[in-house]
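Test case, fold it:
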Amino acid sequence: MEHLTKETFFEKVFNYEENKDWKFEGKLPCIIDFYADWCQPCKIVSPILEELSKEYDGKINIYKVNTEEQTELSAAFGIRSIPSLLFCPADGQPQMAQGALPKETLVQAINDVLLKGAEAK
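Purely as a prediction, here's the structure:
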């Protein structure tokens, strides 16, 4: 799983300095995990996301953003609690989910938010 900086976030997800309205820059839909090293629930989610990145390889990307290192990025999305997961479909608006979600919930969100209609293209 790739860790994003502000620069790589602009290239792969959304350049919020150039665009006021959401404009997804990536090739594949993605999940962005806003986390911190000291956060216990983040440590629960991390291995699940690791598994999902293998299971959905080639269909979605999973990125991580360290909220301690990337404070501006976190502020841009109003991250107040972690883990916060941003689901970015290829088309349509992103959706934020908070907390350490179980794998089944994440799989459901991937299928409903990220992959719905993706096969139709």
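
all strands for this structure, in order.
Listed in chain order, the strands of the chain (DSSP state E) span residues 2-3, 30-35, 61-66, 84-88, 95-98.

List of residues touching stretch 48-67?
Outside stretch 48-67, the residues that touch it by CB atoms under 8 Å, 6 or more residues apart in numbering are 1-4, 9, 12-13, 26, 28-37, 73-74, 79, 82, 102-103, 106-107, 110, 114-115, 118. To be clear about C-beta, it is placed using only N, CA and C from the backbone, and glycine gets the same treatment.

and the residues you listed, which are buried?
Listed as buried from the contacts of stretch 48-67 are 4, 9, 12-13, 28-35, 73-74, 79, 82, 106, 110, 114-115; burial here means 16 or more other CB atoms under 10 Å.

Residue for residue, what is the longest helix the protein has?
Criterion DSSP state H: the longest helix present in the chain is helix 40-55.

What's the local residue count around the nearest residue to F77 once chain neighbours are set aside?
Of all residues not flanking F77 in the chain, L86 sits nearest, at 6.6 Å (CB to CB, 6 or more residues apart in numbering). For L86, the count of nearby residues is 19 (other CB atoms under 10 Å).

do the one 3 residues further on as well
Close neighbours of P89, defined as other CB under 10 Å, add up to 19.

these two touch, right, it and N111?
No. At 11.3 Å, P89 does not count as touching N111 under the criterion of CB atoms under 8 Å.

Okay, and the beta partners of I32?
Y63, L86 (DSSP bridges).

is it true that it touches L86?
Yes. Contact criterion CB under 8 Å: I32 and L86 qualify, at 4.3 Å.

which residues sit in contact with the residue most central in space within the chain?
When CA atoms, centre = their mean is applied to the chain, the residue found nearest the centroid is I32 (1.6 Å). Contact partners of I32, counting by CB under 8 Å, 6+ apart, are 4, 13, 62-65, 85-86, 88.

Thanks a lot, catch you later.
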